[in-house]
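J.: structure here, sequence nowhere to be found:
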């Protein structure tokens, strides 16, 4: 039997790289898409391009079909951050964030989703964020893109679930990645701003997200999960405590 094929965007570093490692260990053949060169996975399909470009996305889908003749899993992981007060956010920056974080996944879902629908089987996993579940100040473009990605996920789950294609989202909390390092380098927040809020008392790791992806990718483990927005955040979204109560609860 031919090994299943997983396409992963934003695979050059951070969460995407770890997703690729975990799925490869589970026996998937990989089709990787990033705007940066990918030094690892030299036996995999590696496509350098822009997820917001219809031409690049079509070319990637064509290469996946030519090399593997199938597509089983799509992980829309590519994304960019934007920390800026709403009243100061340039429209051009707003559009860039929406294009990468929302339009890109839509294009990939279209291009590879058609192949899944034709075969009557597939799993699409969109990497959203806890910022897609509630508001976070100074992140209007990012929050809007991730709210939209969850909305897209649910809509496609409704449209495509009956045709064999499951569509789910993962909503990580703050993850230790180069994106986090860049944001902290801008003075946006410090480690304790995150760890003091998370009930589990730590940042997420790329592996925490990757293991959730592996679960949702595998029909034998998650075959009746469709349209979900799975929080992988250590309890961030569940905690409605005020700060003193939150920290006091850890001492008991």
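T.: Cool, the structure landed. Because the structure is predicted, anything quoted here is derived from the model rather than measured.
J.: for residue 119, which non-adjacent residue is spatially closest?
T.: Using CB to CB, 6 or more residues apart in numbering and skipping the chain neighbours, the partner closest in space to residue 119 is residue 70 (6.9 Å). C-beta here means a position set from N, CA and C on the backbone, and glycine is covered the same way.
J.: show me what contacts that neighbour?
T.: 2, 4, 5, 115, 119 (CB atoms under 8 Å, 6 or more residues apart in numbering).
J.: next: residue 197.
T.: By CB under 8 Å, 6+ apart, the contact set of residue 197 is 236, 239, 243, 246.
J.: if we can go back for a sec, what two of the contacts of residue 70 are the furthest from one another?
T.: 2 and 115 (14.3 Å; CB to CB).
J.: between these two, point out the one with more neighbours.
T.: Here residue 2 and residue 115 are set side by side on neighbour count (other CB atoms under 10 Å), and the busier one is residue 115, at 20 against 9.
J.: any idea which element that one lies in?
T.: helix 104-119 (DSSP states H and E).
J.: show me what that helix is packed against.
T.: strand 5-9, helix 54-68, strand 73-76, strand 122-127, helix 140-160, strand 165-172 (3 or more CB pairs under 8 Å, 6 or more residues apart in numbering; DSSP states H and E).
J.: could you export these as TSV, including mean neighbour count, distance to residue 31 and mean pLDDT?
T.: Below are those laid out as TSV (neighbours: other CB atoms under 10 Å; distance: least, CB to CB, whole Å; pLDDT from 0 to 100):
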stretch	mean neighbour count	distance to residue 31	mean pLDDT
strand 5-9	28	4	98
helix 54-68	16	5	98
strand 73-76	29	9	98
strand 122-127	27	13	98
helix 140-160	20	20	98
strand 165-172	26	17	98
